[in-house]
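K.L.:
What shape does this take:
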Amino acid sequence: MGGIGKTELAIKYAHQHENDYAGGICWFNAIDGNLAAEIIQFAQNYLKLKVPQKDSQQNPLNLEQQVSWCWQNWQPSQGLVLVIFDDVSNKENWSAYLPKNSHFRVLITTRLQKFDLNLKKIALDVFSPDEALEILINMVGSRKVNRELATAREICEWVEYLPLGVELAGRYIANKPPHVTLAKTLSQLKEQQPKQQEEKILIQTQRSVKTAFELSYLELDEQTQKIAAILSLFAENIFDWEWVESIANSLNWHGYNADTALEQLYQRHLVSSLEESDIYYYQLHPLIRKFLQEKLEEFAEVNEIKQAFVSTFIEIAQTIPQSTTLEFINSVKNAIPHLTEVAENQLDVVSDENVIWAFLGIGRFYQGQGLYSLAQPWYEQCLSTVRERLGENHPSTATSLNNLAILYKSQGKYQQAEPLYIQALELYKQLLGENHPHTATSLNNLAYLYKSQGKYEEAEPLFIQALQLRKQLLGVNHPNTATSLNNLAYLYKSQGKYEQAEPLFIQALQLRKQLLGENHPHTATSLNNLAYLYKSQGKYEEAEPLFIQALQLRKQLLGVNHPNTATSLNNLAYLYKSQGKYKQAELLYIQAVEIVERVLGEKHPHTVIIRNNFEDFRKKRG
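P.N.:
Numbers count the residues shown, from 1 in each chain. Reported below is the predicted structural model:
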């Protein structure tokens, strides 16, 4: 049951037995969350694995299959690995998420009474009367307890010997002046007993914690109570205290000292801390979060508080770019559960203007890591929600169509992407006009799809139109103009029009370096494309340093298991083959094929191209 100390016991076990698990200890918060997403994201970010979307037969892998792949491909360098799933709330299909390999050990905490797994079970009960009294003595002091021993025992009984209840009551007593008697505390506990109508809703264990919680809560000043109300809106995951300060500032609570509020909450055990990579984060116990949610509804400013909370995470979502890096992904990963809370439970206070970002931020977070199956439901939900709220004829609907089409194209689902691109383009033209940046973007995206399908004649006029529009509307010195220059140049290269392609590639590279910097994924793309053009022209000495620079950048920014990194490996291998450097070429080809087959599937267009290049290389070598 809640408040019994399951999580605390799991933490203590992990710390005491750290040396027994040389392969590492991995913790997952399993309550009401997307556990599959957590596991896959962990494999992507920490293990540097690129999780495939399809199997060798090009069949899509569902989330259970992707999770299974993660466990199978996690090969610790030494010893056992401990995997902790904390607070499992749903036993259906649970076994599908468990590692099967012998080098894993699993620890699960759960409130479920029946758990149909062949695991050793340890039932946690409440404290015995003597154990509860010992805890109270440790927190309050033996002298105070011995003076009112009978009353101390009654306090433990009143909170039903529940660990969280004893902890809250003990902390409340410890913070009072020495002259305040235990009898006074017991009287206050009885006064705070939930009303009869509340008792029908609260289960017995929750009632005992709530009485102890109320004592500590009433000791907080009004400022801290309002800060506590903000905390109730966070998901049951760790959060950064800077977010709390940002929310308070947006409410114009300039006179409120958030750090002082944190100190009061921490002293009373209403919030706990967690250190991660030398940074302190905070978290609420699920029961305390539940009680604070009730308190939030009592404030006159409840809607303003919710809006400020939502705005903070919408702003974070708006910072997530389409082309992101591993470094950026790690900087926002802790915000994603709270943005998910906004998308799932706080949409009613999200403005029409920002509703798209509640989903788009999460979609980009997963898409940027190549986790397309995790991104897909968020893009699809975004489109359905925007259509329902804003209607078919709205710019945000067009944007949602465009974003889903981009995802489908990344998955090689060209037939599903094309009608969405066309709908988005028609909507932008109808709503925003022919001469609008969004229309130019839509023209560019549809053209790129046609180019990927080999429909060069259909692609070229759209690329040219998009470039002209962007120059006219955004100016020559704009990242989107650089993208159009690069894309048109890439089309010309594919058509063998090298003289037309070269100046466009060079202009795009110079613009991207100037506008985005030397260390940006788009800069790496321009380096790669210009190098490929030089290679096609037989200018091997000019191509090689550019290929190497692009490969190094992509490894640094995107990771070694990214499709774009595989493209760079393939292109450098192709150059080495042309130069007769066969041993170097073969090693690079093997790496490239391994990445794309695992990440994109054997029948993805990019996989087919890279594998064909490798097979052709082997045939010519004999």
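
K.L.:
where exactly do the helices run in the stretch 501-622 of the chain?
P.N.:
521-536, 540-558, 563-579, 582-599, 605-621 (DSSP state H, counting those that start in this stretch).

K.L.:
tell me the angle of the second one relative to helix 582-599?
P.N.:
Interaxial angle, helix 540-558 versus helix 582-599 (axes from the mean of the first three to the mean of the last three Cα atoms, to 10 degrees): 30 degrees.

K.L.:
Let me know the angle separating helix 540-558 from helix 563-579.
P.N.:
Going by the same axes, to 10 degrees, helix 540-558 makes 160 degrees with helix 563-579.

K.L.:
Averaged pLDDT, helix 540-558. What do you get?
P.N.:
Mean pLDDT, helix 540-558: 94.

K.L.:
What residues sit buried inside the helix or strand containing Gln430?
P.N.:
Element membership for Gln430, per DSSP states H and E: helix 414-432. Buried residues in helix 414-432, defined by neighbour count with 16 or more other Cβ atoms under 10 Å: Tyr414, Ala417, Glu418, Leu420, Tyr421, Gln423, Ala424, Leu425, Leu427, Tyr428, Lys429. (Glycine included, C-beta is placed from N, CA and C.)

K.L.:
out of the residues you listed, which one sits closest to Asn480?
P.N.:
Lowest distance from Asn480 to the buried residues of helix 414-432 (Cβ to Cβ) belongs to Tyr428, with 14.3 Å.

K.L.:
Can you give me every residue that contacts the closest one?
P.N.:
Counting by Cβ atoms under 8 Å, 6 or more residues apart in numbering, Tyr428 touches Pro395, Ala398, His436, His438, Thr439, Ser442.

K.L.:
do that again at 7 Å, thanks
P.N.:
By Cβ atoms under 7 Å, 6 or more residues apart in numbering, the contact set of Tyr428 is Ala398, His436, His438, Thr439, Ser442.

K.L.:
Can you find the helix or strand of the protein with the lowest average pLDDT?
P.N.:
Here the helix or strand of the chain ranked lowest by mean pLDDT, DSSP states H and E is helix 196-199, holding a mean of 51.

K.L.:
what's the following helix or strand after that helix?
P.N.:
Taking DSSP H and E, what comes next after helix 196-199 is helix 204-219.

K.L.:
Pull out the buried positions in that following helix.
P.N.:
205-217.

K.L.:
Just the residues contacting the helix or strand just after it, thanks.
P.N.:
The helix or strand immediately downstream of helix 204-219 is helix 222-231, counting by DSSP H and E. The contact list for helix 222-231, computed with Cβ under 7 Å, 6+ apart, reads 217, 220, 244, 247-248, 256, 258, 261, 264-265, 270-271, 284, 292, 295-296, 299, 305, 309.

K.L.:
and those, which of them are in strands?
P.N.:
Using DSSP state E, the subset of those located in strands is empty.

K.L.:
Among those residues, name the buried ones.
P.N.:
Using 16+ other Cβ under 10 Å, the buried ones in these are 217, 220, 244, 247-248, 256, 258, 261, 264-265, 270-271, 284, 292, 295-296, 305, 309.

K.L.:
Please save the CA atoms from the helix or strand hosting Ile314 in PDB.
P.N.:
Using DSSP H and E, Ile314 sits within helix 302-318. C-alpha atoms of helix 302-318 as PDB (Å, rounded to 0.1, in the frame of the first residue of the first chain):
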ATOM      1  CA  VAL A 302      -6.100  27.600  -9.200                       C
ATOM      2  CA  ASN A 303      -6.600  28.300 -12.900                       C
ATOM      3  CA  GLU A 304      -3.800  30.900 -13.000                       C
ATOM      4  CA  ILE A 305      -1.400  28.400 -11.300                       C
ATOM      5  CA  LYS A 306      -2.300  25.600 -13.800                       C
ATOM      6  CA  GLN A 307      -1.800  28.000 -16.700                       C
ATOM      7  CA  ALA A 308       1.600  29.100 -15.400                       C
ATOM      8  CA  PHE A 309       2.600  25.400 -15.000                       C
ATOM      9  CA  VAL A 310       1.500  24.600 -18.500                       C
ATOM     10  CA  SER A 311       3.200  27.600 -20.000                       C
ATOM     11  CA  THR A 312       6.600  26.700 -18.400                       C
ATOM     12  CA  PHE A 313       6.600  23.300 -20.200                       C
ATOM     13  CA  ILE A 314       5.100  24.600 -23.400                       C
ATOM     14  CA  GLU A 315       8.100  27.000 -23.500                       C
ATOM     15  CA  ILE A 316      10.500  24.000 -23.000                       C
ATOM     16  CA  ALA A 317       8.700  22.100 -25.800                       C
ATOM     17  CA  GLN A 318       9.100  25.100 -28.100                       C
END
